[in-house]
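K.L.:
below are the sequence and a predicted model for it; my questions follow.
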Amino acid sequence: MKKFFFKLALFVVLLATIAGAAVLLTLFVAPNYSENDYMASFLRKYGRLKNTEPPRIILIGGSATAFGLDQYLLEEMTGYPVVNMAVHAGLGPELFFAPLRDEIGPGDIVVICFEFVEEWGNDYSLLLDLNDYTFLHFVPSSDYPLLARLIPAFMVKKWYYYIKYGVLGRKLKTTEESPYRLAAFDGDGQMIYPRPKSLLDDALFAEMTQSPLNTLFHDSNIEILDGIYREASESGSVVLLSFPPVLKEAVDLDAAGIDKEQTAFETKLAVPIISKISDYLFDRELMYDTTYHCNTAGEKRRTELLGRDINAYLAAARLKEEYATAERDNLFPRAATAVLERLKMTRATRWRFSQTP
Amino acid sequence: MVFTSFHYLVFFPMVAVTFFAIPKRYKNLLLLTASYYFYMSWVPQYAILIAFSTISTYYAGYLIEKSRNARFRRVALGVNIFINLAILFVFKYYDFFVQTIGDLAQTIGVTVAFPVSTLLLPVGISFYTFQSLGYSIDVYRRDLQHEESFVNYALFVSFFPQLVAGPIERAMNILPQFHRFAKFEYDRVVSGMRVILVGIFKKIAVADLVAPYVDIVYGDVSRFGGITFIVATILFSIQIYCDFSAYSDIAAGSARVLGYELMGNFNSPYFATSIGDFWSRWHISLSTWFRDYFYIPLGGNRRGWFRRHVNLFLTFVVSGLWHGANLTFIVWGALHGLYRIVELLLGKLRIDVFSLKEKRPVWLVLTRLALVNLLVLFAWIFFRAENVGDSIEVVRKVFTDFDPKRFGIESRDIVDKFLGVSEGTVRRFTFILYALLPLILFVFEALRNVRTKTFDSNAFISGLSLVKRWGIYIVGTLLIGFLYLFENGIFGQTGQFIYFQF
């Protein structure tokens, strides 16, 4: 029996050594052919987050906000430095928010712009594909088994790329003209790739069968949104919910129907909503290549809408604060008259006022 | 507790080490406790059923053996058969039965509403019920002496390696082994582990790999074209063989480590050159059970030409029904029954033409092999489909909807669907695995069949040098680990063994 256990132990040690070596070799020694990929923009965005101080506007979400936001224009409109952390919807809420945990502070405004996904998941393979393993510490320890299961597929991809590009010398896709590469972003993670017109012809549109809004109002999403709201609020940040731009043709509901759904959704949610989904339904000429991706004109339009919504919220919040101060300092009715004067707002602003906490 | 789970990876070594460490008199009690723990890891309450079946069959065996009154013995056997089949009927067939009666009544305009049972099907119920029945019939026939030790008998019914998916052991084979206690023997233990490794390879590297494709295609029969169904059915034939024979391998290997030899259950069934040959290679423990306890008592081939074929057909239909409470299984069994009858009828012609030749020509062997596999594949459609309507739709598409271009698009979509992403690299890798891994298995099976007398994979590996042998172990284990993680990461959980549901 001794002989058996000795050999078994030897076998296990050999196996673990070979498997461990193969994984380490893949992670750290195999050449990285993803460093110029689209996902690598996440590193630049994260760099900007670390290099700016509160108060800031930080946007989290998927590619709809990566393609659909001019952060410099938003800075001009709001007066806040803007960090656009949005990159890929597949990252999911946990990975959208995790990089912010140690960075956000009092005065920061976190704007959530998640895509309409029935049940958000966290695709850790996107983190592995970054080939920058510092991001792996954002993975909660409860998900380590899930991460381990992704390693074989990652190994396959990495060695496949090595054979394809390193050994066979094929041309890297990332060197082609496309917004899906790192070069499409500037050093602050702002997309700068020119998208002058829509690529959405009828043939491409026909392939898109999804109707995104049908999946928005799922109960599990409410829990996730409120979780982020609670956690960020504890650090003194303000959390607001806005919506991504969506191709109008892809949506089944009309504007009135969407407003009705949104109103029902709002009653269940703690996080303040600053935008109306129906404002962000764009025609084809403002979109680029999918139901979520804006072209340059769409990007500008979306930024203007979002800037308007954020400003309206901030104005309403300031008003409320003034009102509360006046009430506290017993300045009525003089202060109340002044406040009422300033309440000559548009219908949209009045609506947003109701959303402030 | 699935054989390919972490739970079993901990459970089995613990049982094995304890088994060899404790005194002889406690060994069977340990195995019995471990077997009940193993079984209760599914639905603990169903241990009551197996315990009840065990107690009733044990006492039936006792009464049958002790009595000299032929009528009493017959009654005792009848009561025991009734109790076991009643349990099986209530838990497995009741809903099917009342639904069929209801449907038939509906066709003549009468509405009959029976209460529907909400009972879960106990895992492995068909296996241990048949094993118990076999025991009581053997005692009745005086082919076997009643087992005096209740622990040994209870262990025979519940022995964990073969409890939930066979092989359906014969008391004559396994009960005497429970009286002998094997010592730890290095060569035997390693040989058992080798068989386990082969089983795990078949399950994880082949069966679980192809399962998602089959599930998606057969899950929506209206969506896919004929070629996709042909491919899915071929993949299903690979899946079910690798899945079921993997279970038998792991069962046999686990038992061998502990010092017990289970009966063989598979012998390269897709290399059969006739339907009769197929059934002597596929699920051998079930086909021989039906032969000994159903076909022969019906009269077998002793009651004339007509009764022989009727008995044969009935045996196949009932063996189909054994697999599950669904018309699809009955049709599957009936098809095999028909194949076998036609084969017997044509057999006379075949003998006339070829019997004079000592060695059959290769072209003839290959033609018969292809024909048998086509027939078996056709029958698998009925076995896999959710209902008879779906099977007929699949058959219609296989013969009428033949668009290779559509197949290409559908296959890409199917693979993308179970990968969860449209990732070209991983998709291509999956296609390579689909082609490569069944091919490796095919080569091994072919070697075993072409060189039957000289090729035994276990003996082959043990005959290699240390470096080569360990190379195979390490590469095989790494490949299994890699694919296990790959399938879990991409597909979600690795599947249960198909035959658990029977």
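P.N.:
Structure's in. What do you need? Residues are numbered from 1 along each chain as shown, chains lettered A, B, ... in the order given.

K.L.:
show the backbone phi and psi for whatever residue of the stretch 51-200 of chain B ends up closest to chain A.
P.N.:
Proximity of the stretch 51-200 of chain B to chain A (C-beta to the nearest C-beta) peaks at B:Phe184, 5.1 Å away. Every residue, glycine included, has its C-beta placed from N, CA and C. The phi and psi values for B:Phe184, taken as degrees, to the nearest 10, are phi -70, psi 120.

K.L.:
hang on, it packs against B:Phe19?
P.N.:
No. Counting by C-beta atoms under 8 Å, B:Phe184 sits too far from B:Phe19 to count as a contact (9.1 Å).

K.L.:
which one's more surrounded, these two?
P.N.:
B:Phe19 (20 against 16; other C-beta atoms under 10 Å in any protein chain shown).

K.L.:
thinking again about what came up before, in contact with the residue of the stretch 51-200 of chain B closest to chain A, which residues?
P.N.:
A:1, A:4, B:20 (C-beta atoms under 8 Å, 6 or more residues apart in numbering or on different chains).

K.L.:
one more: B:Ile101?
P.N.:
B:Ile101 sits next to B:112, B:114 when contact means C-beta under 8 Å, 6+ apart.

K.L.:
do the same with A:Phe6
P.N.:
Applying C-beta under 8 Å, 6+ apart, no residues contact A:Phe6.

K.L.:
is the closest residue to chain B within the stretch 1-150 of chain A in a helix, a strand, or coil?
P.N.:
With C-beta to the nearest C-beta, the shortest gap between the stretch 1-150 of chain A and chain B falls at A:Arg149, namely 3.4 Å. Here A:Arg149 is recorded as helix under DSSP: H, G, I helix; E, B strand; the rest coil.

K.L.:
and what of A:Pro106?
P.N.:
For A:Pro106, the assignment made with three-state DSSP gives coil.

K.L.:
wait, it sits on A:Arg56?
P.N.:
No. If you go by C-beta under 8 Å, A:Pro106 and A:Arg56 don't touch, sitting 11.2 Å apart.

K.L.:
these two: which is more packed in?
P.N.:
A:Arg56 (21 against 10).

K.L.:
spit out the contact partners of B:Thr315.
P.N.:
B:Thr315 neighbours (C-beta under 8 Å, 6+ apart): B:290-291, B:294-295, B:298, B:337.

K.L.:
can you say which of these are buried?
P.N.:
The neighbour-count test (16 or more other C-beta atoms under 10 Å in any protein chain shown) marks B:290, B:294-295, B:298, B:337 as buried among those.

K.L.:
list the helices and strands the helix or strand B:Thr233 falls within packs on?
P.N.:
Element membership of B:Thr233, judged by DSSP states H and E, is helix B:226-258. Applying 3 or more C-beta pairs under 8 Å, 6 or more residues apart in numbering or on different chains; DSSP states H and E, one finds that helix B:226-258 contacts helix B:6-21, helix B:186-200, helix B:208-219, helix B:362-384, helix B:388-400, helix B:404-419, helix B:424-450.

K.L.:
how far off centre is the last one?
P.N.:
Taking C-alpha atoms, centre = their mean, to the nearest Å, the mean C-alpha location of helix B:424-450 is offset from the chain mean by 22 Å.

K.L.:
equivalent analysis for the first one, please.
P.N.:
Computed by C-alpha atoms, centre = their mean, the separation of helix B:6-21 from the middle of its chain amounts to 24 Å.

K.L.:
contacts made by the helix or strand immediately after that helix in the chain with the rest, please.
P.N.:
Scanning forward in sequence from helix B:6-21 by DSSP H and E, the next helix or strand is helix B:24-40. Contacts with helix B:24-40, where a contact means C-beta under 8 Å, 6+ apart, come from B:1, B:11, B:15, B:18-19, B:22, B:46-47, B:50, B:123-124, B:149, B:151-152, B:154-155, B:158-160, B:163-164, B:178, B:181, B:258.

K.L.:
got a PyMOL select line for the buried ones in these?
P.N.:
PyMOL command restricting these to the buried ones, with burial defined by 16+ other C-beta under 10 Å:
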select buried, chain B and resi 1+11+15+19+46+47+50+123+124+152+154+155+158+159+160+163+164+178+258
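
K.L.:
out of the contacts of B:Thr315, which one has the weakest pLDDT?
P.N.:
pLDDT across these is lowest for B:Leu298, at 86.

K.L.:
how about that residue, phi and psi?
P.N.:
Given degrees, to the nearest 10, the pair of backbone angles that B:Leu298 has is phi -70, psi -20.

K.L.:
tell me what the strand or helix carrying B:Val467 is packed against?
P.N.:
Following DSSP H and E, the helix or strand that holds B:Val467 is helix B:466-491. The elements that helix B:466-491 packs onto, with contact taken as 3+ C-beta pairs under 8 Å, 6+ apart, are helix A:2-24, helix A:144-161, helix B:186-200, helix B:208-219, helix B:404-419, helix B:457-462.

K.L.:
just those: most buried one?
P.N.:
helix B:208-219 (a mean of 21; mean count of other C-beta atoms under 10 Å in any protein chain shown).

K.L.:
how distant is it from the center of its chain?
P.N.:
Distance of helix B:208-219 from the chain centroid (C-alpha atoms, centre = their mean) equals 19 Å.

K.L.:
do the same with stretch B:142-150
P.N.:
Relative to its chain's centre, stretch B:142-150 lies at 27 Å (C-alpha atoms, centre = their mean).

K.L.:
can you put the helices and strands packed on helix B:466-491 in JSON lines and add mean pLDDT?
P.N.:
Shown next, in JSON lines, are the helices and strands packed on helix B:466-491 (pLDDT from 0 to 100):
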{"stretch": "helix A:2-24", "mean pLDDT": "89"}
{"stretch": "helix A:144-161", "mean pLDDT": "80"}
{"stretch": "helix B:186-200", "mean pLDDT": "90"}
{"stretch": "helix B:208-219", "mean pLDDT": "88"}
{"stretch": "helix B:404-419", "mean pLDDT": "79"}
{"stretch": "helix B:457-462", "mean pLDDT": "74"}
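
K.L.:
nearest to B:Val90, of these?
P.N.:
Closest to B:Val90 of the helices and strands packed on helix B:466-491, according to C-beta to C-beta: helix B:208-219, at 28.9 Å.

K.L.:
helices or strands up against the closest one?
P.N.:
Counting by 3+ C-beta pairs under 8 Å, 6+ apart, helix B:208-219 packs on helix B:226-258, helix B:404-419, helix B:424-450, helix B:466-491.
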